[in-house]
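Asks: Dropping the sequence and predicted coords here.
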Amino acid sequence: MNEDKGRAAGLEPGGSISEILGRRGREDGEGAKAYNFAYLDEDTKREIRRALLKAVAIPGYQVPFAGREMPMPYGWGTGGIQVTSSIIGPGDVLKVIDQGSDDTTNAVSIRAFHQALTGVATTTVTGRASIIQTRHRIPETPLKEGQIMVYQVPLPEPMRPLEPSELETRTLHALMEYGTMYLRLYEDVAKHGEIAISYDYPAMVAGRYAMSPSPIPRFDNPKLDRSPALHLFGAGRERRVYAVPPHTSVRSLDFSDHPFAVQSWDQACAICGATDSYLDEIVVDDQGGRMFVCSDSDHCRQRPGRGPVEAGQGKT
Amino acid sequence: MNGRPLLAASRITHLYGPTAGCLDVSLEVFPGEILALVGESGSGKTTVLKAISGQLRPSAGQVIYRDGQGRDLDIHGLPEGHRRLLLRTELGFVHQNPSDGLNMAVSAGANIADRLLSGGDRCYGRVRSKALGWLARVEIAQDRLDDRPGHYSGGMLQRLQIARNLVTAPRLVLLDEPTGGLDVSVQARLLDLIRGLAVSLNLAAILVTHDLAVARLLSQRLMVMKGGRVIESGLTDQVLDDPHEPYTQLLVSSTLDA
């Protein structure tokens, strides 16, 4: 929401098509300048911001937007990238994580993409970021007021697994008929003895709309509830955005006799010794050896009581 | 004895293009009564049923339903949310084709639980025990609770559909050819079940069928439809034993051996 800042910083927005094409041929390492600030043109960004404002005004409601083709395939985070591109300004500090980590291919590539096209500062430290684009995790470090989380969403419709018709799911949302959501839970308890949805666990936003929180582990659902940060969700293929504004209630669905509970582990992170974070199981050899480590790499690195890292287990 | 009808439809007309689905059909159903609509295929029976249940808005006519609180509701004048609420609480609809009335993607238990969960019951144990109870009442083995409906036989599917509808104790059940496509012995068991449930629950029902024997067995009153119009109506035994209209006479003489 900072298009003027982009101009002030000397990053040329727009220009005529011939100008852009003329600039694109340059091979002087400033090729990114051939593009508008943050890749999308200003009209597209404005349209997405309008959709986002509507999404913030109606927490949990899926707002259609004119999703653009991005220079990467659907499923690689095109929704989240479009949201980030439309809200980012030169003064922002960006953090990008994938499965909690700043170092995976997707996180590195998306961070490089935004950096090349905006020139903004990036960080891996949660507390320093103003915008955090994420796939599959919410950082362990508590979010603060003023921070914006941007989620990459593959399937925005929580009722889609049981209701294929878009017309019908929209009617169900409009009339708040959420029995279907509980059918999913019923089936789980009948089959597994407990609610076995481990990620993308559906929740009610502000007591009104059922929402898919994107494929974050259900461990992260409680972090959404009354969070001081703004949470924006972008689904590129489905062309929907939705939002959880700061301090909004997000209640995970459950039964009175099978209440919602987060995952827990009977061991601590093998690197930093954390017992309160979400742990990934990592296979370390072909003898069945495995270790549990924090999925949030920044959290793991920042922990004060971090124990010594043994050889071969380093993760930086 | 309350003399007011549970449901009164007046002058329902629905046109599909130039041809009529039904013309000027009026009917009343009283509490605890089973009314049969009979006639050949294409005579407008199902159209009438859909108009009554609010699934289809007729071109003309009105349907007044008296709800549990004694209020008279114009089914087609209600907001959509209220109409859908009625359809999954106070009304029941048993489809001719079970896959139209069941959710084939979830277990039988979930199918019965559906209406309870939609009604806001959030206790798994209670919902499940009710589902189990209803499975027993429609004579399906309890160990089939977690099977998908796809693994059920035709007769079991219809019984499951009945359980799914009756679990919320509806006041009026609409049955669209419930025995269609079933063999004779399975039909007999299903009819027996419906009759038993109707008596024990004091259900009102509208039964659409082309089978006069089914109408004779279940219904107290009968309406004969042809070409979208009601041509004859009265007490079931009266109409079937002493048909006045030539078409009804033809129907009775050609099929009635029960």
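Replies: Arrived safely.

Asks: Regarding B:Leu193, what is its secondary structure?
Replies: helix (DSSP: H, G, I helix; E, B strand; the rest coil).

Asks: nope, B:Gly21 is what I was after
Replies: Once three-state DSSP is applied, B:Gly21 turns out strand.

Asks: Quick check, it in contact with B:Ser43.
Replies: No. B:Gly21 sits out of contact with B:Ser43 when judged by Cβ atoms under 8 Å, with a separation of 9.8 Å. All C-beta spots, glycine's among them, are computed from the backbone N, C-alpha and C.

Asks: Identify the contacts common to those two.
Replies: B:Gly228 (Cβ atoms under 8 Å, 6 or more residues apart in numbering or on different chains).

Asks: Would you agree B:Ser233 falls within a strand?
Replies: Yes. Read with three-state DSSP, B:Ser233 is one of the residues of a strand.

Asks: show me what contacts the residue of chain B found nearest chain A?
Replies: Closest to chain A within chain B is B:Ser118: 3.0 Å, counting by Cβ to the nearest Cβ. Applying Cβ under 8 Å, 6+ apart to B:Ser118 gives the contacts A:177, A:179-180, B:88.

Asks: Go through the residues you listed and name the one nearest B:Thr236.
Replies: Relative to B:Thr236, the closest of these is B:Arg88; by Cβ to Cβ it sits at 29.7 Å.

Asks: what about that closest one, helix or strand, and which?
Replies: Assigned by DSSP states H and E, B:Arg88 belongs to helix B:80-89.

Asks: List the contacts of the nearest residue to B:Ala20 once chain neighbours are set aside.
Replies: What sits nearest to B:Ala20 in space, not counting adjacent residues and going by Cβ to Cβ, 6 or more residues apart in numbering or on different chains, is B:Gly228, at 4.2 Å. Contact partners of B:Gly228, counting by Cβ under 8 Å, 6+ apart, are B:20-23, B:25, B:43-44, B:47.

Asks: Residues contacting the lowest-mean-pLDDT helix or strand in chain B, please?
Replies: In chain B, no helix or strand scores lower on mean pLDDT, DSSP states H and E than helix B:246-255, which sits at a mean of 86. Contact with helix B:246-255 is made by B:38, B:40, B:211-213, B:224, B:226, B:231-232, B:239-240, B:243, as judged by Cβ under 8 Å, 6+ apart.

Asks: Quick check: the two most widely separated of those residues?
Replies: B:Ala213 and B:Ile231 (19.9 Å).

Asks: any idea which helix or strand carries the nearest residue to A:Ala196 once chain neighbours are set aside?
Replies: Nearest residue to A:Ala196, sequence neighbours excluded (Cβ to Cβ, 6+ apart): A:Asp188, at 4.8 Å. If you go by DSSP H and E, A:Asp188 is part of helix A:179-192.

Asks: So for that helix, mean pLDDT?
Replies: What helix A:179-192 shows for mean pLDDT is 94.

Asks: Which residues does it contact?
Replies: By Cβ under 8 Å, 6+ apart, helix A:179-192 touches A:158-159, A:161-163, A:172, A:194-197, A:202, A:210, A:253-255, A:258, B:103, B:106-107, B:109-110, B:113-115, B:117-119, B:122, B:124, B:127-128, B:145-146.

Asks: looking at it, B:Glu177 is touching B:Thr209, isn't it?
Replies: Yes. Here B:Glu177 reaches B:Thr209: they are 5.7 Å apart, a contact under Cβ under 8 Å.

Asks: In helices only, show me the contacts of helix B:246-255.
Replies: Among these, the ones falling in helices (DSSP state H) are B:212-213, B:239-240.

Asks: nearest to B:Ile64, of those residues?
Replies: The shortest approach to B:Ile64 among the ones in helices among the contacts of helix B:246-255 belongs to B:Val239, at 25.2 Å (Cβ to Cβ).

Asks: Confirm for me that that closest one is in contact with B:Leu222.
Replies: Yes. Using Cβ under 8 Å, B:Val239 is in contact with B:Leu222, at 4.8 Å.

Asks: shared neighbours of those two, which are they?
Replies: Residues touching both B:Val239 and B:Leu222 (Cβ under 8 Å, 6+ apart): B:Ser233.

Asks: need the contact list for the closest residue to A:Phe255 other than its chain neighbours.
Replies: With sequence-adjacent residues excluded and distances taken as Cβ to Cβ, 6+ apart, A:Phe255 is closest to B:Tyr124, at 4.1 Å. Neighbouring residues of B:Tyr124 by Cβ under 8 Å, 6+ apart: A:185-186, A:189, A:255-258.

Asks: that older thread, convert the C-alpha atoms of the helix holding A:Asp188 to PDB, please.
Replies: Extracted in PDB, the C-alpha atoms of helix A:179-192 (Å, rounded to 0.1, in the frame of the first residue of the first chain):
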ATOM      1  CA  GLY A 179     -22.900 -29.100   9.000                       C
ATOM      2  CA  THR A 180     -20.700 -30.400   6.100                       C
ATOM      3  CA  MET A 181     -17.600 -29.300   8.000                       C
ATOM      4  CA  TYR A 182     -18.600 -31.400  10.900                       C
ATOM      5  CA  LEU A 183     -19.200 -34.400   8.600                       C
ATOM      6  CA  ARG A 184     -15.500 -34.400   7.900                       C
ATOM      7  CA  LEU A 185     -14.700 -34.400  11.700                       C
ATOM      8  CA  TYR A 186     -17.300 -37.100  12.300                       C
ATOM      9  CA  GLU A 187     -15.800 -39.300   9.600                       C
ATOM     10  CA  ASP A 188     -12.300 -38.800  11.200                       C
ATOM     11  CA  VAL A 189     -13.400 -39.800  14.700                       C
ATOM     12  CA  ALA A 190     -15.400 -42.800  13.400                       C
ATOM     13  CA  LYS A 191     -12.400 -44.000  11.500                       C
ATOM     14  CA  HIS A 192      -9.400 -43.000  13.700                       C
END
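
Asks: Relative to the whole chain's centre, how far out is it?
Replies: 26 Å (Cα atoms, centre = their mean, to the nearest Å).

Asks: Switch the contacts of B:Ser118 over to CSV, and while doing so, append neighbour count and distance to A:Ser295 to every line.
Replies: Shown next, in CSV, are those (neighbours: other Cβ atoms under 10 Å in any protein chain shown; distance: Cβ to Cβ, whole Å):
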residue, neighbour count, distance to A:Ser295
A:Glu177, 18, 36
A:Gly179, 19, 34
A:Thr180, 21, 31
B:Arg88, 18, 42
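
Asks: For those, give me CSV that also has distance to A:Val293.
Replies: Shown next, in CSV, are the contacts of B:Ser118 (distance: Cβ to Cβ, whole Å):
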residue, distance to A:Val293
A:Glu177, 43
A:Gly179, 40
A:Thr180, 37
B:Arg88, 48
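
Asks: Mind telling me the two of the residues you listed farthest from one another?
Replies: Farthest pair in the contacts of B:Ser118 (Cβ to Cβ) is A:Thr180 and B:Arg88. Separation: 11.8 Å.

Asks: Which positions in the stretch 101-250 of chain B make contact with chain A?
Replies: Residues of the stretch 101-250 of chain B lying near chain A by Cβ under 8 Å from any Cβ of the partner chain: B:103, B:105-107, B:109-110, B:113-115, B:117-119, B:122-125, B:127-128, B:145-146.

Asks: Any idea which residue of chain A lies closest to chain B?
Replies: Counting by Cβ to the nearest Cβ, chain A gets nearest to chain B through A:Gly179 (3.0 Å).

Asks: Now do the same contact list for B:Gly81.
Replies: Residues near B:Gly81 by Cβ under 8 Å, 6+ apart: A:Leu175.

Asks: A:Glu140 belongs to a helix, doesn't it?
Replies: No. Under the criterion used here (three-state DSSP), A:Glu140 is coil, not part of a helix.

Asks: where do the strands sit along the stretch 101-250 of chain B?
Replies: Counting by DSSP state E, counting those that start in this stretch, the stretch 101-250 of chain B has strands at residues B:172-176, B:204-209, B:221-226, B:229-235.

Asks: Same question for the stretch 1-150 of chain A.
Replies: With strands called from DSSP E, counting those that start in this stretch, the stretch 1-150 of chain A shows them at A:63-64, A:93-98, A:121-122, A:131-135, A:148-152.
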